[in-house]
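Participant: Fold the following, please.
(one chain, ligands or ions: 2)
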Amino acid sequence: MKFKFLNSADSYGLVNKHFHWIMAVIIIFNFILALILDDFPKGPMRSFLFSIHKSTGILVIILLIPRLLWRLVNTVPVSLGNIKTLNKLSKYVHYFFYFILLVVVFSGWTYSSARSGPFEVFGLFTAPALIENNQVVANIAKEIHGISVYIFITVLGIHVLASLLHHYVFKDKTLKRMWYGDSN
Ligand code: HEM
Ligand code: HEM
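Facilitator: Ligands and ions are numbered 1, 2, ... in the order given. Coordinates of the predicted model:
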């Protein structure tokens, strides 16, 4: 079996597919974790879950860097829809995804830094504080984190709906070519 690592004009390669699906699982996990965490009373369990939330967020940053570089050096498959405006829109949605994800993770990191300094990432290494203790910055970063994450989830909803629309209504290869099929 021959593996296709690079993207081509009509399909995504293995590297892009792995980045896409592994990161989707990690990000959705971290979102749900943050919601569950909120119901826990102050104590060691809440602190532990928070450290997992922050560590997972740092993991997202670590994966985002090679993903963005890979995207920059790679072809991006052409959109398959028949409506030109929607094809253009999907391109902007993809750019916006990267932008809003960066806002989510760095506002979270800034908030955490301004409130409580450096922290351990999965007990493996220390993430430095991006900024010194500062309650005003902490409050602003917290607001930005909360708002940007909900903008992100709304865009994700549109993204998922669009891919289902392509698959079930337009019946084109949009979802299949991001999944693991014949070509990979
Ligand atoms: C994919 C990445 C991330 C997602 C999806 C995410 C999601 C969330 C969500 C949904 C909340 C609850 C917000 C609310 O209801 O107001 C939250 C809170 C929080 N997040 Fe994140 N987060 C991410 C990354 C990070 C990172 C990288 C850090 C820090 C290094 C972080 C630190 C925090 C903190 C400290 C809170 C508590 C804020 C509060 O007290 O209300 N998050 N996050
Ligand atoms: C946190 C979750 C997700 C993020 C951040 C995300 C982000 C992206 C981005 C940036 C792209 C453009 C290609 C690339 O740069 O890799 C893309 C493509 C795609 N995504 Fe997602 N995605 C997520 C979840 C999902 C889910 C749950 C589905 C389906 C149910 C999905 C279906 C697709 C499809 C079908 C494409 C290819 C679109 C095309 O060929 O034009 N994504 N996604």
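Participant: Please report the distance of W21 from ligand 2.
Facilitator: Remark: distance between W21 and ligand 2 (C-beta to the nearest ligand atom, to the nearest Å) = 8 Å. Placement of C-beta: from N, CA and C, glycine included.
Participant: If you could redo that for Y95, that was the one I meant.
Facilitator: Note on Y95: its distance to ligand 2, by C-beta to the nearest ligand atom, is 8 Å.
Participant: again, but for S116
Facilitator: 27 Å.
Participant: quick one: that residue from ligand 1, how far?
Facilitator: Relative to ligand 1, S116 is positioned 8 Å away (C-beta to the nearest ligand atom).
Participant: how many neighbours does that residue have?
Facilitator: 13 (other C-beta atoms under 10 Å).
Participant: again, but for Y180
Facilitator: For Y180, using other C-beta under 10 Å, the count is 11.
Participant: surely it meets K17?
Facilitator: Yes - judged on C-beta atoms under 8 Å, Y180 makes contact with K17 at a distance of 6.4 Å.
Participant: which element is the residue in the chain positioned nearest to ligand 1 on?
Facilitator: As assessed by C-beta to the nearest ligand atom, ligand 1 sits closest to G57 within the chain, at 2.2 Å. According to DSSP states H and E, G57 maps onto helix 44-73.
Participant: List the buried residues of that helix.
Facilitator: Residues 49-50, 53-60, 63-64, 67, 70-71 are the ones in helix 44-73 that count as buried (16 or more other C-beta atoms under 10 Å).
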